[in-house]
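>>> I need the structure of the sequence given here:
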Amino acid sequence: MTLSLDKRAHRIWALIAAMALITACGTEDGAEVRNIGESSGSATGSASASGSASGSGSASASGIGDGECVPVSPELEEQADETVAITAQDYAFDPSKVEVSAGVITFEVVNEGAEKHELAFLPGGGEVPFVDGAPDEEALEAAGAFELEAFGPDQTCNATYELEPGTYTVFCIVETEDGTTHYELGMRGTVLVES
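Numbering: from 1, shown residues only. Presented below is the predicted three-dimensional model:
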């Protein structure tokens, strides 16, 4: 059976499209990507007085590429009213509770763990929502969650946000090899922003 030229061209284009899709996904390390906010790596981090946050960035369970730091809003760092140092460990934040005044805050996060870690924020506080055993990405997005994307060990990465008064749950939903999130292993905390 011979194919017409049109059918062969169609199959070639379909093969090219499939190869492009496989190539694009080929760098994934098996963890799902959590999209929170708008676009990757450039969060503005503004939060409204109601406790919902607007900001771009994506919470990424696997981090990006090889786990390089992607700072959030470095252009705001000079305007920061306060800098908060947080250490990410396997599987905790130190300190796990932070109190700051409303305004522009830079979070200087040092990854002292052996794995990639992120610092994600859930405005309004409370538990990170899960559905079918995985973080509920739609609920996180609807709640205005934002984050400093996962980055590898022995790195320091800064995230600067303009935060309004309220309570924020901070968490890491990077997954271990068995699919358990770092959040489930205890990697969570609270940021209280006072007026």
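>>> hey, let's count contacts and neighbours off CA atoms from now on
Noted.
>>> how long is stretch 88-104 end to end?
21 Å (Cα to Cα, to the nearest Å).
>>> which helix or strand contains residue 126?
Per DSSP states H and E, residue 126 falls between elements, in no helix or strand.
>>> quick check: closest non-adjacent residue to it.
Excluding the flanking residues, the one nearest residue 126 by Cα to Cα, 6 or more residues apart in numbering is residue 169, at 6.3 Å.
>>> strands paired with the helix or strand that neighbour falls within, and their directions?
If you go by DSSP H and E, residue 169 is part of strand 166-171. Take DSSP bridges as the rule and strand 166-171 pairs in its sheet with strand 117-123 (antiparallel), strand 188-194 (antiparallel).
>>> ok, back up a step: ok, now how distant is the residue nearest to residue 126 from residue 78?
25 Å.
>>> and among the strands paired with strand 166-171, the most buried is which?
strand 117-123 (a mean of 28; mean count of other Cα atoms under 10 Å).
>>> count of neighbours near the closest residue to residue 120 other than its chain neighbours?
Spatial nearest neighbour of residue 120, chain neighbours left out: residue 147 (3.9 Å); criterion: Cα to Cα, 6+ apart. Per other Cα atoms under 10 Å, the neighbour tally for residue 147 reads 30.
>>> other SSEs contacting the helix or strand hosting residue 147?
Using DSSP H and E, residue 147 falls within strand 146-151. Judged by 3 or more Cα pairs under 8 Å, 6 or more residues apart in numbering; DSSP states H and E, strand 146-151 is in contact with strand 117-123, strand 155-163.
>>> list of residues touching the shortest one?
Counting by Cα atoms under 8 Å, 6 or more residues apart in numbering, strand 117-123 makes contact with 51-53, 59-60, 63, 88, 109, 111, 128, 140, 143-153, 166-174, all of which sit outside it.
>>> check the average confidence over the helix or strand just after that strand, would you?
Next along the chain after strand 117-123, taking DSSP H and E as the criterion, comes strand 130-131. Over the span of strand 130-131, the pLDDT mean works out to 96.
>>> ok so, going back, beta partners for the residue nearest to residue 126?
Note on residue 169: beta-bridge partners by DSSP bridges are residue 122, residue 190.
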